[in-house]
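In: Let me see the structure of the following:
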Amino acid sequence: MSFTFNDIERLFAEKGGRAYSGEPVTQLEHALQSAYLAEQAGAEATLIAAALLHDLGHLINDQGTAENSFTPTLQGVDDQHQRVALPPLRQLFGDAVLQPIRLHVDAKCYLCARGDNVASGADYRAALSPDSLRSLELQGGVFDEAQADRFITQPYAAQAVQVRRWDDQAKIAGQRTPALAHYLALAERVRLE
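Out: Residues are numbered from 1 along each chain as shown. Prediction:
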């Protein structure tokens, strides 16, 4: 079955209004804020598309409810969203979009271990929201030194760290951003032909 940009738009229309687990924004607001932060940072279009779509797996692997009240981590569930989105998105994008999406969860485990030029690992972890801390444990926890070394040497790991940083910041209630159509048009420019 083919997956199209219309399917992405439909997912955000049908499920984007749901609360982003434990945060003061919806799934759509979070995606738009992530893409906006990437755009404001002057990121390449592929990385802006990755920032927009990094959590699409939450909408594909539907762990929510109509009441928007279910937080999978409170139930001990890791929805594997970083992996679930890859098969359908592989029909539309190459590795420059897909790999930062695939690696953005591991980037959190890495940042908790090593930090970056913004914060130490301990400071980074201390700034995570309660839901992000719960998901960290479900996703394997803080990397040890060997895991951190392996992670950061992978292709697209540095880009995944950037997506992770935007992901962490994209939780501001009422933040104004361009509309979804703006970012979908940008993503279409970097689609596979």
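
In: Which neighbouring elements make contact with the helix or strand that D123 is a member of?
Out: If you go by DSSP states H and E, D123 is part of helix 121-127. Helix 121-127 sits against helix 95-114, with contacts defined as 3 or more Cβ pairs under 8 Å, 6 or more residues apart in numbering; DSSP states H and E. For the C-beta atoms, the positions are set from N, CA and C on the backbone; glycine is no exception.

In: who does the helix it packs on touch, helix- and strand-wise?
Out: helix 45-53, helix 81-84, helix 86-89, helix 121-127, helix 130-138, helix 145-152, helix 157-169.

In: Export the one helix or strand in the chain whose mean pLDDT sits lowest to CSV, keeping only CA atoms.
Out: Lowest by mean pLDDT, DSSP states H and E among the helices and strands of the chain is helix 81-84, with a mean of 84. Extracted in CSV, the C-alpha atoms of helix 81-84 (Å, rounded to 0.1, in the frame of the first residue of the first chain):
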residue,chain,number,x,y,z
HIS,A,81,7.4,5.5,17.3
GLN,A,82,10.8,6.2,15.9
ARG,A,83,10.7,2.8,14.1
VAL,A,84,7.0,2.6,13.2
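
In: Can you give me the buried ones in it?
Out: Using 16 or more other Cβ atoms under 10 Å as the test for burial, helix 81-84 gives H81, Q82, V84.

In: now stretch 127-136
Out: Quick answer for stretch 127-136 (16+ other Cβ under 10 Å): L128, D131, S132, R134, S135, L136.

In: what pLDDT, on average, does it get?
Out: Predicted confidence along stretch 127-136 averages 87 (mean pLDDT).
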